[in-house]
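> What shape does this take:
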Amino acid sequence: MKDAKVIPFWAQDPASLGLTDEALLAACAAGDPGGLAGLYDRHVDALVRFLSRMAHVDEQDVEDFVHDVFVEAYRHAGRFRHRSSVRTWLFAIAANLAKDRARTSRRHRELGEAIRHDSARADRGPEAQAAERQALERLQDGLARLSHDQRVVFVMCDLEEIPGVEAARALGMPSGTLYRLLFEARRALRVAIEGGAG
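Down below sits the predicted model:
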């Protein structure tokens with residue numbers, strides 16, 4: 001195979017090659033920016049959704065966070081150990097960046113704003129709209145009261161539908177800890193939505 005020639009991914013469109021996320025991440029580990037481009041194209045929307053739901057990420061900072069996630073993924077691609085999907089691994093990087101930023105930032109973004117805007121329907125009567133607004137405000141308050149870890153677990157498992165075992169591996173926590181956090185988050189949100197949060 002002395003005459004074999006390696007064609008870097010960046011010379012082609014990674015999405016058109018049908019490469020797996022793992023192959024794209026391996027390309028990143030080898031220093032090929034085409035792998036990063038492929039991962040970005042596949043996962044940017046999910047990361048924007050995920051980061052938009054984090055309490056310590058201001059809406060105007062989401063784009064910067066997403067950029068930082070992909071920089072970290074590229075930098076640490078060689079450390080990926082296949083304990084979760086690449087998507088879940090990217091979420092874990094995003095969660096850790098948000099947690100780190102929260103330690104140094106006092107700005108907190110209110111969650112539920114996007115939900116509130118999407119849920120407001122002009123065809124509903126004023127009573128229905130008022131009731132929906134109150135329920136969303138209670139949900140927002142409940143989310144704001146969750147710890148960072150509870151929120152991350154809730155968003156990953158219940159909103160992004162990542163299996164708990166996979167999320168636990170990506171976050172580096174025992175499954176039992178993840179399920180305890182998820183139970184506590186669900187219970188706190190149920191109480192908040194039912195109007196029992198004080």
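
> Just checking, which helix or strand of this protein averages the lowest pLDDT?
helix 113-119 (a mean of 49; mean pLDDT, DSSP states H and E).

> Can you pull the phi/psi pair for the spatially most central residue of the chain?
Nearest to the geometric centre of the chain sits Phe50, at 3.0 Å (Cα atoms, centre = their mean). The phi and psi values for Phe50, taken as degrees, to the nearest 10, are phi -60, psi -50.

> again, but for His56
Dihedral angles (degrees, to the nearest 10) for His56: phi -100, psi 20.

> I'd like to know how many residues surround it.
Number of residues near His56 (other Cβ atoms under 10 Å) recorded here: 22. The C-beta positions use only the backbone N, C-alpha and C, and glycine is treated the same way.

> and the residue nearest to the centre of the chain, what does it touch?
Phe91, Ala94, Val155, Met156, Glu160 (Cβ atoms under 8 Å, 6 or more residues apart in numbering).

> what about Met173, which SS state?
coil (DSSP: H, G, I helix; E, B strand; the rest coil).

> Tell me which other helices or strands the next helix or strand after the least confident helix or strand of the chain touches.
The helix or strand immediately downstream of helix 113-119 is helix 126-145, counting by DSSP states H and E. When contacts are defined as 3 or more Cβ pairs under 8 Å, 6 or more residues apart in numbering; DSSP states H and E, helix 126-145 packs onto helix 113-119, helix 175-193.

> Counting by contacts, list what the last one packs against.
The helices and strands touching helix 175-193, judged by 3+ Cβ pairs under 8 Å, 6+ apart, are helix 126-145, helix 148-154, helix 164-171.

> Buried ones in the shortest one, by neighbour count?
Put plainly, it is helix 148-154. Asp149, Gln150, Arg151, Val152, Val153, Phe154 (16 or more other Cβ atoms under 10 Å).

> list the contacts for His43?
When contacts are counted by Cβ under 8 Å, 6+ apart, His43 is found next to Asp21, Val86, Arg87, Leu90.
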